[in-house]
Structure formats: C-alpha cells, structure tokens
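Peer 1: generate coordinates for the sequence data below:
(2 chains)
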Protein chains: 2
Amino acid sequence: MKRTATRLADSRELIYYDERDDAVRDAVDRRELPPPPATPQLRHDPLTDEWVAVAAHRQSRTFLPPANECPLCPSTPDRLTEIPDTDYDVVVFENRFPSFSQRDAWLDIVTLPALNPIRAAQGRCEVVCFTADHDASFATLTPGRVRTVLDVLADRTATLATIPEVEQVFCFENRGIEIGVTLHHPHGQIYAYPFLAPRTRAMLAAARAHADRTGGRHLFADVLAAERSAGERVVVSNEHWTAFVPAAARWPFEVIVAPHRPAADLPSLTDEERDAFGPLYLEVLRRLDGLFGVPMPYVSAWHQAPVRTGRDLSYLHLQLFSIRRAPGKLKYLAGSESAMGVFVNDIAPEHAARLLREADAT
Amino acid sequence: MKRTATRLADSRELIYYDERDDAVRDAVDRRELPPPPATPQLRHDPLTDEWVAVAAHRQSRTFLPPANECPLCPSTPDRLTEIPDTDYDVVVFENRFPSFSQRDAWLDIVTLPALNPIRAAQGRCEVVCFTADHDASFATLTPGRVRTVLDVLADRTATLATIPEVEQVFCFENRGIEIGVTLHHPHGQIYAYPFLAPRTRAMLAAARAHADRTGGRHLFADVLAAERSAGERVVVSNEHWTAFVPAAARWPFEVIVAPHRPAADLPSLTDEERDAFGPLYLEVLRRLDGLFGVPMPYVSAWHQAPVRTGRDLSYLHLQLFSIRRAPGKLKYLAGSESAMGVFVNDIAPEHAARLLREADAT
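Peer 2: Here you go, the predicted structure:
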C-alpha cells in the first residue's frame, strides 16, 4: 500500500492510499474554497456528565447532491471535487464540515453558566472513500479492497492517536438515507474524539467490574467464548473471526464481528486476521441486504481501545446494526430510547440470527 | 376529577378520568379479543451493564391505521375501539402491545450465556388519550385539559409506584410520524420500568457527585438558577415554571421545563404549580410548531424521582426535543450518536432559544 499525502485548496489534508506501489498522485486542487470553519465547541452537560459538540456551521453542509455533483467522486477535467485526481483506490481527507478539528476555536460568543464548562472540540473528522465507483457499496467491494480499507483505518487510528488532544479514534460507516446519510458515494468516517464516548465509558466500567469480580478475566473474551459455544446467535465464522447477534441486541438486526484473538485495536490486528476479515464481513453485509431484498440502512462501528486508558480492558469489535425491522418499517428511537436510553427490541436476537443465516448471501 | 376503572374484553385495565364529577362510565367492551401477550423479556447486556427489553410480539402492532379505524377514538354503535364509551375526557389503558407488563413470562425459549441474565420485563405500559378529538394535538388542548392530563399523570405515577417490581415511572409523548408514531390520535404513554433507566442513572450519579463536591447543593436547582440568571437560553417563564434550552442541548430544538420549587415528582406538585404549567407549556409547544410553520415531530419526556432511590437527588423536569433541524431536514442518530452516545448539535442552543422566542406563538 502506497501512501501519498497532499493538501486541498483550503489547506485540509488529503491522503491517497494506493494498492499499487507505483501510483503517482500529484494532481493539484484548483478550486477556490473558503477557509475551513472554526473548530466547534464542546459543552459539558452537567446533568448527565457528558460532552456535547455544538457545530453550528454544519447546518449548511452538502445535502443529498445529485450524482453528477457528488463531491466524493474523482475530479474530471470538467468538474472539480474533493478528490483532485481523476481516479483513486482509497482516499482519506479532512471533513469539510467537521464536528471536531484543530483550527481556531469559536468560544467567545455566549455567556455560559459556570456549571457548563466549554472548550474547543479539538480532534479530527475524516472522510474515507472506499472506491472511486459512485454506484458501489461496501458490500460490493472485493475482499482485497476491504483489506486495503482495514489497513487504512489502522493507519489512521495510529496517526490520529498522536494528536495530543485525541483520547479515542472511532471509525464507522453510515449507510442509507433512512439513517441520515447525506452523500450516497460509498464512504466511511473517522471521528477522533478529545474525550471518551459514553458507550466506551460504560464498556470500560463493565469490563473493569467483571475483571474485579473474576480475578482478572476479560469480559468481552468471555462473552465471545459463550456465544461461540452457544452457537444459536452466531451468523457466520471463520478461523479468525466470528459474527454473532448479541443476546441483548438493542436493534432489530445487530451483529458483532470480533477477532478470536484478543486485539485491543485495529493497528494490532495481524496480517492473517486482516486478510480473513473481508470475506466474513462481506458475507454478513450480503446477508443483511438479502433479508428483505432491499439495501439495508446500517451503522457499522469499530469499537477499539482508547488512546491513553483502558487498553487492557478493551477488545476490538465491529458493531453493525440496522434500523429496518421489516420491509416497510423502521425502528425509531422515540421516548424510551431517546429520552431514557432504554431500548425495546421487537425481534428476538435468536430469530434475527436465524433470519440472517437463512438470508440470501449471493 | 372523577376516576372510573373498568376492564377491557381481554382483561386489560382502562380508567376514565372525567372533568365532571357526575360522569357515568358503564359501557362494556363487547369486542372479541385474544388474551394479552406474554410479558416480554429483559436481557442484561454485560458489555454496557444495561437492560434491554425483547418484545417480539410488538412486530405485529397496529401501524398507521386510517383515521376511520383509529383504536383511540371513542367507540360508536358501528365501530368498537379500545375505549368502550362513546366519549371521554382523558382515558388511560394498558397498552395492547406492551414492552413491560404483569402477565405470564416468556423466558424459556433460548439458551443464554450465564453472562446474560434474563428476567421477565415486569412493569406496565399504558396509553394516555388526551382528548376524544382525533384531529387535536397536545398544543390545541385547553389549559384546563392540560391540568387534567397533569393530574392523571400524577395519579398514574403514584399508582404504578405501588407495583412491587416497578423502580421508575416514565410519562412521555411521542408526536409525529418522523419519530415513529404509529397512531395519530393525540396520546401519550407511560412506561413503568423494573430498573433505573441509563439516563436516570447518569443524572443521579452526576447529582450525587455535585452534592459531594459542594457540601450538599442540588445540581438541577443550581443549573436552573444559573439559566434563569443568564437569561440567554430562556424561552418563556411564569411565576412557577421556566422553560429554557439547555446550554449543552443534544437536539436541534430542545427545551427543559422545570418548576421553580424543587419537586421530586409529579405527585408532589402543588395545585398552583399544576395550574401554571398548562399556559406555559402550551406556549412552548405553539412556538415549536411556529418555528417552521409545520407541526414539529417531538418527544416530550417527564424526568422524575425513581420509586425507591435517589429521591433527594431528583428534580422533576420535562425534556422536550425535536429532531427537525430545518423545514426539509431531520437530525438523525447515526454512528456517533447511536454507536458511541456522542451527540453533535448543528444549532447553537442560544440560537435555538432566540428562534423559539421569536417564533409565532398564536
């Protein structure tokens, strides 16, 4: 894999990741662009002890452009996009409308109570384009390209962890307008947060309590072993990875994909594990799309060890979930989920696993 | 207010709350109904230490029926609904497709790892019809009817707290198909949970830490005082209540409505506070609908003290929020929010408060 870093017209970083080592990426971004927006605010919610990012500039972000105006396609002589070159394999660049960034902060516009500390939302938001093919989807990538994407995410994780303010690197893909995707071109995102996410805090606390209770046993490893032994919720597995529906799934269709060997984060995956991931994950995605014969909206989220804490308690895994519960029906987060955090799942996890095992995987 | 309890054909409880003390409610439910579904399952998610309800029977619940088949309208000689009488003021009944109930449990169908304790989802799910008028909305109720609804919620809170398994009573309204509402008739819901909700646990932990840090000060009271003093995020206030946008709002439009006197829960509100709530809350709802000139989807959620713990740390408040961020745009919970719990708000809370103050309130 060859890595070529450059800058866009407004100084944002862009990195080509090429599968061929002789790729030359010297195209220049010839657009006239305004400077990147100021770094958003982080505000502390005292009632829940959680940080919320306030990124007012995002209201004007690009929203469902027609395919011939896609900013994630390669540039052509007639049309300049976010990617200066006329082709690419995988490309990563700083989000033009970031929730977290390293620009000048925007902090002085309000009078906030002392109970609401405010700071700059330092960190990084990146876009990861999986392919130059606008009409592809992650599920139609080749296993080789999935391997490249995995290597890219590992590389970005290691690189972003060196930003002094970054506490956690979160790689994810949102797919489908039903989940709010504003650009159809197949792409993922990376959020490098300057704090620990609430779910990560909850997972670390649970892992720590389990270790204390059991003389040092690893919670996720015990859960994975139990699921592999029970088998009832396993969707598919190979030598290095198992995909299973968690026994307490929150979403109609939710799958955890985890390596058999405890790995704290993406950079620590071995060559063999990286090669084995693509075929298995692609099968899971095809089964998901095969459930109802329509492309499923989903969130695909990599949970990995934070930068500075909890590494020994962390176990890398991908959490994939869809809000579609039936062909014409979505799972909405209404009062119980949104206001209280209490999830009600209308599909038994064992049933979801069976449906996924029986779904068309071609 | 007159309270008349009865039973539906399948033994579910229904209670008429009448504003006139001479109302007679003796209509009998003449429908043929199958017995209520078994009580759903509660499964413990070991990775996050949270409970998830699995209610598989809800997949078949009533979904956006045409207006002439609305199950929440009063019955007519030609058509029998969930409400046997031909009229009502406010009526409460057990949800036909409950996530929590007191029926026989359904626990024996799966092999769950020892790490996933399972138990019956005991508790109660109730529907609260605000008016017999199918085409009304909460915002079009009279202040007198809002007072009745508040009295009903207080009565249900006190009653449901006596169920031995119930730890918390959560009263809320979901409004709008954008948020997943499946019945348009104006109604709210009550979930009596057999555990503390994740948000409630977070709020109690934050309140406890604040009290420890400050020699016993009340966190919410301090936040409310600071917001009333700052003024910048206050939408409207009267003698007994203030409505403000929280400084770390998670949603494009989010308003907290709180009484000035610390009250732990709905039953402990005074007569004067109950009377003063309606005019203020109705104004907030009208301003919300006035923002873009279209009815706004929203969740309206009452946070109150749990049944058995944390009463001294709790402060009753209503959390109202909308996912609509612009006329054609919704806020979606995608990767950062749904998988990590990290919210990014695209509208500055001060700006949202100003828009609400300037919105048409007629």
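Peer 1: so for the closest residue in space to A:Cys70 that isn't next to it in sequence, what's the pLDDT?
Peer 2: In space, A:Cys70 comes closest to A:His185 once its chain neighbours are excluded; the distance is 5.1 Å by CB to CB, 6 or more residues apart in numbering or on different chains. C-beta coordinates here come from the backbone N, C-alpha and C atoms, glycine included. We have a pLDDT of 95 for A:His185.
Peer 1: my guess is A:His185 contacts A:Asn68, does it?
Peer 2: No - taking contacts as CB atoms under 8 Å, A:His185 lies outside contact range of A:Asn68: 11.9 Å.
Peer 1: neighbour count for those two, which is higher?
Peer 2: For A:His185 versus A:Asn68, neighbours defined as other CB atoms under 10 Å in any protein chain shown are more numerous around A:His185 (23 against 8).
Peer 1: circling back: quick one: contacts for the residue nearest to A:Cys70?
Peer 2: A:Cys70, A:Leu72, A:Cys73, A:Cys129, A:His134 (CB atoms under 8 Å, 6 or more residues apart in numbering or on different chains).
Peer 1: for the fourth one, what are phi and psi?
Peer 2: Its backbone dihedrals place A:Cys129 at phi -90, psi 120, with angles given as degrees, to the nearest 10.
Peer 1: that one and chain B, how far apart?
Peer 2: A:Cys129 is 16 Å from chain B, where distance means CB to the nearest CB, to the nearest Å.
Peer 1: for that residue, name its beta-bridge partners.
Peer 2: A:Val91, A:His187 (DSSP bridges).
Peer 1: show me what the helix with the most length in chain A is packed up against.
Peer 2: Using DSSP state H, we find that the single longest helix of chain A is helix A:271-290. Applying 3 or more CB pairs under 8 Å, 6 or more residues apart in numbering or on different chains; DSSP states H and E, we find helix A:271-290 packed against helix A:143-160, strand A:234-237, strand A:241-244, strand A:253-259, strand A:317-322, helix A:349-358.
Peer 1: could you pull out the helices in the stretch 101-250 of chain A for me?
Peer 2: For the stretch 101-250 of chain A, applying DSSP state H, counting those that start in this stretch gives helices covering A:143-160, A:198-214, A:219-230.
Peer 1: looking at chain A, which helix or strand is least sure?
Peer 2: Lowest on mean pLDDT, DSSP states H and E among the helices and strands of chain A sits strand A:329-330, with a mean of 85.
Peer 1: could you check whether that one is close to chain B?
Peer 2: Yes - counting by CB under 8 Å from any CB of the partner chain, chain B is contacted by strand A:329-330 at A:Lys329, A:Leu330.
Peer 1: pull up the pairing partners for the very next helix or strand once past that strand, direction included.
Peer 2: Per DSSP states H and E, the first helix or strand lying C-terminal to strand A:329-330 is strand A:343-345. Here strand A:343-345 has these sheet partners by DSSP bridges: strand B:50-54 (parallel).
Peer 1: can you give the distance of the strand it pairs with from its chain's centre?
Peer 2: 19 Å (CA atoms, centre = their mean, to the nearest Å).
Peer 1: so it versus helix A:198-214, what angle?
Peer 2: 110 degrees (axes from the mean of the first three to the mean of the last three CA atoms, to 10 degrees).
Peer 1: now strand B:50-54: average pLDDT?
Peer 2: Mean predicted lDDT for strand B:50-54 stands at 96.
Peer 1: now the angle from it to helix A:349-358?
Peer 2: Using the same axes, to 10 degrees: strand B:50-54 against helix A:349-358 is 70 degrees.
Peer 1: name the residues that touch strand B:50-54?
Peer 2: Applying CB under 8 Å, 6+ apart, the external contacts of strand B:50-54 come out as A:202, A:248-250, A:341-345, A:348-349, B:40-45, B:99-100, B:121, B:195, B:198.
Peer 1: now do stretch A:348-356
Peer 2: Residues from elsewhere that reach stretch A:348-356 (CB under 8 Å, 6+ apart): A:232-235, A:244-249, A:252-255, A:284, A:287-288, A:291, B:43, B:54, B:56, B:109-110.
Peer 1: CSV for the helices and strands packed on helix A:271-290, including mean pLDDT?
Peer 2: Converted to CSV, the helices and strands packed on helix A:271-290 look like this (pLDDT from 0 to 100):
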stretch, mean pLDDT
helix A:143-160, 98
strand A:234-237, 98
strand A:241-244, 98
strand A:253-259, 98
strand A:317-322, 97
helix A:349-358, 95
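Peer 1: surely A:Val149 touches A:Phe130?
Peer 2: Yes - taking CB under 8 Å as the definition, A:Val149 is a contact partner of A:Phe130 at 5.7 Å.
Peer 1: which neighbours do the two have in common?
Peer 2: A:Val90, A:Leu141, A:Gly188.
Peer 1: and A:Thr76, which of the three is it?
Peer 2: coil (DSSP: H, G, I helix; E, B strand; the rest coil).
Peer 1: which non-adjacent residue is nearest it?
Peer 2: Closest to A:Thr76 by CB to CB, 6+ apart is A:Thr86, at 6.4 Å.
Peer 1: who's in contact with the one you found?
Peer 2: Neighbours of A:Thr86 in contact, by CB under 8 Å, 6+ apart: A:Ala27, A:Pro74, A:Ser75, A:Thr76.
Peer 1: cool, A:Asp155 as well?
Peer 2: Neighbour list for A:Asp155: A:Arg3, A:Tyr17, A:Pro267 [criterion: CB under 8 Å, 6+ apart].
Peer 1: can you do 6 Å?
Peer 2: Taking CB atoms under 6 Å, 6 or more residues apart in numbering or on different chains, we find A:Asp155 in contact with no residue.
Peer 1: can you list the domain ranges for chain A.
Peer 2: Using automatic domain parsing, the domain ranges for chain A come out as A:2-195, A:199-358.
Peer 1: weakest of these in terms of mean pLDDT?
Peer 2: domain A:2-195 (a mean of 92).
Peer 1: residues of the stretch 151-300 of chain A that sit close to chain B?
Peer 2: With CB under 6 Å from any CB of the partner chain as the criterion, the stretch 151-300 of chain A meets chain B at residues A:170, A:172, A:174, A:179-180, A:191, A:197-199, A:202-203, A:206, A:223, A:226, A:230, A:232, A:247-248, A:250, A:299.
Peer 1: alright, calling it a day.
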